[in-house]
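Enquirer: sequence first, predicted model second:
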Amino acid sequence: MQDFSGTIAVVTGGGTGMGRALVRQLMAEGCDVATCDVIEDNLAETRAICEAEAPQGVRLYTGLCDVAVEDQVHQFADDVAKAFDTDHIHLLFNNAGVGGGGSFIDGDRGEWERTFNICWLGVYNFCRAFTPLLKNAPEGHVVNTSSVNGFWASLGGGIAHTAYSAAKFAVKGFSEALITDFKLNAPHLSVSVVMPGHVGTDIGINSRKILGGSDPEDMTDEEIQQFRENIVRRMGGPELTDDQIREAVRNQGQAFKQGGITPEEAANIIITGVKNDEWRILVGEDAKALDQAVRSEPLKAYDENFFMLLAQTRQSAE
Ligand SMILES: NC(=O)c1ccc[n+]([C@@H]2O[C@H](COP(=O)([O-])OP(=O)(O)OC[C@H]3O[C@@H](n4cnc5c(N)ncnc54)[C@H](O)[C@@H]3O)[C@@H](O)[C@H]2O)c1
């Protein structure tokens, strides 16, 4: 699909980050967009921005909807169809996600399952709910956001990363399997799997909110101790005081946001990939280098010095 003008798109997690950037860029191209989120204030901000800048006549529908809850997703699909008075959509961007659920062994089971359900079931629920509307369009495209953690189940540095990686591998596998399923059973539909490297967003801050982590001021002794153990495991060195831990939590989200490429750059790469009908969209040079490094030395991917290999891959690419 080359021209989005006059099409209808659904974007999950449009309250901030890549989701908001996708909504803005799609609307700028004349596409009507429906988006959902679970953080109401952010969604309202996206609405205000789009109302101020979108071309005249291009429509936006926003609704609160938890992608992990099937009933809410089906209600959202009904609401979108009603709001746009349509029986079809052309584009579905399964973008919503959270980071969490690090250790399967000693992490919190509720956080593990919530992370997995948002990152995987969210994609599944939206595909279930919106496939009938996609099938009704003359042409349709599903865009599922996985991650580099969809092909490399690690953050490096000795940090457990099980729920997120499991979900993102599921998103990648499902998307790749859909390529054949669509060819056989819905040849007017296509699919892309998106694998971003580091994109500077508020995912750390939002994930903490959504997964029920306390604000730094209100952290429990247990939360502080868990954070302390993670830092010592990663970086060694002297133990931090409780106040230093609170400060580190405050800074962590901000530091992540300042690194990587911007959400706008990422959305642009994703939209270009969709227009070029690429089924596999790596976002950022770091994602490309990681992909290359894992392919060239798959059996070393989880070695402690894998980052050295990655650095060499990046250097030789420059
Ligand atoms: N930022 C990165 O470096 C990076 C890297 C690889 C993959 N990703 C993936 O990209 C996607 C977008 O992430 P981002 O970095 O823009 O983060 P973000 O936090 O800025 O955006 C994600 C949005 O999804 C929303 N959301 C979370 N849970 C939800 C739920 N249950 N229902 C509805 N909405 C929900 C959040 O409120 C937020 O607005 C995610 O799937 C993430 O896993 C991000």
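Expert: Sure, I can see it.

Enquirer: could you chop this structure up by domain?
Expert: According to automatic domain parsing, the chain is divided into the following domains: 8-200+262-283, 206-258.

Enquirer: need the ones you listed in JSON lines (columns: mean pLDDT).
Expert: Converted to JSON lines, the domains of the chain look like this (pLDDT from 0 to 100):
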{"stretch": "domain 8-200+262-283", "mean pLDDT": "97"}
{"stretch": "domain 206-258", "mean pLDDT": "83"}
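
Enquirer: mind putting those domains into TSV with mean neighbour count and distance to the ligand?
Expert: C-beta here means a position set from N, CA and C on the backbone, and glycine is covered the same way. Output for the domains of the chain, formatted as TSV (neighbours: other Cβ atoms under 10 Å; distance: least, Cβ to the nearest ligand atom, whole Å):
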stretch	mean neighbour count	distance to the ligand
domain 8-200+262-283	20	2
domain 206-258	14	4
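
Enquirer: reformat those domains as CSV; add distance to residue 316.
Expert: Supplementary listing: the domains of the chain in CSV, determined by distance: least, Cβ to Cβ, whole Å:
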stretch, distance to residue 316
domain 8-200+262-283, 17
domain 206-258, 27
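
Enquirer: mind giving me the packing neighbours of the helix or strand hosting residue 248?
Expert: Using DSSP states H and E, residue 248 falls within helix 242-258. Judged by 3 or more Cβ pairs under 8 Å, 6 or more residues apart in numbering; DSSP states H and E, the packing partners of helix 242-258 are helix 203-210, helix 221-235.

Enquirer: any chance of a markdown table for those, columns distance to residue 100?
Expert: Formatted as a markdown table, the helices and strands packed on helix 242-258 follow (distance: least, Cβ to Cβ, whole Å):
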| stretch | distance to residue 100 |
| --- | --- |
| helix 203-210 | 5 |
| helix 221-235 | 12 |
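
Enquirer: who wins for proximity to residue 133 among those?
Expert: helix 203-210 (26.6 Å; Cβ to Cβ).

Enquirer: what about the closest one, distance to the chain center?
Expert: For helix 203-210, the separation from the chain centroid amounts to 12 Å (computed by Cα atoms, centre = their mean, to the nearest Å).

Enquirer: hang on, residue 223 packs against residue 214?
Expert: Yes - if you go by Cβ atoms under 8 Å, residue 223 and residue 214 touch, sitting 6.2 Å apart.

Enquirer: show me the strands in the stretch 51-200 of the chain, by range?
Expert: Using DSSP state E, counting those that start in this stretch, the strands of the stretch 51-200 of the chain run over 60-64, 91-94, 140-145, 189-196.

Enquirer: output the ones you listed as a markdown table; include the columns distance to residue 18.
Expert: Converted to a markdown table, the strands of the stretch 51-200 of the chain look like this (distance: least, Cβ to Cβ, whole Å):
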| stretch | distance to residue 18 |
| --- | --- |
| strand 60-64 | 16 |
| strand 91-94 | 9 |
| strand 140-145 | 7 |
| strand 189-196 | 7 |
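
Enquirer: assign residue 10 to helix, strand or coil.
Expert: When classified by DSSP: H, G, I helix; E, B strand; the rest coil, residue 10 comes out as strand.

Enquirer: show me what it is bridged to.
Expert: residue 34, residue 92 (DSSP bridges).

Enquirer: so it sits right up against residue 129, yeah?
Expert: No - counting by Cβ under 8 Å, residue 10 stays clear of residue 129, with 9.3 Å between them.

Enquirer: which other helices and strands does the lengthiest helix in the chain contact?
Expert: With DSSP state H setting the assignment, residue counts place helix 162-185 as the longest helix in the chain. Applying 3+ Cβ pairs under 8 Å, 6+ apart, one finds that helix 162-185 contacts helix 109-116, helix 122-136, strand 140-145, strand 189-196.

Enquirer: the longest one packs against which elements?
Expert: The elements that helix 122-136 packs onto, with contact taken as 3+ Cβ pairs under 8 Å, 6+ apart, are strand 8-12, helix 70-83, strand 91-94, strand 140-145, helix 162-185.

Enquirer: next: the third one.
Expert: For strand 140-145, the elements it packs on are strand 91-94, helix 122-136, helix 162-185, strand 189-196, helix 263-275, judged by 3+ Cβ pairs under 8 Å, 6+ apart.

Enquirer: so for residue 46, which of the helices and strands packed on helix 122-136 sits nearest?
Expert: Using Cβ to Cβ, those put strand 8-12 closest to residue 46, at 9.6 Å.

Enquirer: off-centre distance for that closest one?
Expert: Offset of strand 8-12 from its chain centre (Cα atoms, centre = their mean): 14 Å.

Enquirer: how about the closest residue in space to residue 283 that isn't next to it in sequence, what does it touch?
Expert: With Cβ to Cβ, 6 or more residues apart in numbering as the criterion, residue 283 has its nearest non-adjacent residue at 3.8 Å, and that residue is residue 196. By Cβ atoms under 8 Å, 6 or more residues apart in numbering, the contact set of residue 196 is 18, 145, 147, 148, 266, 283, 284, 287.
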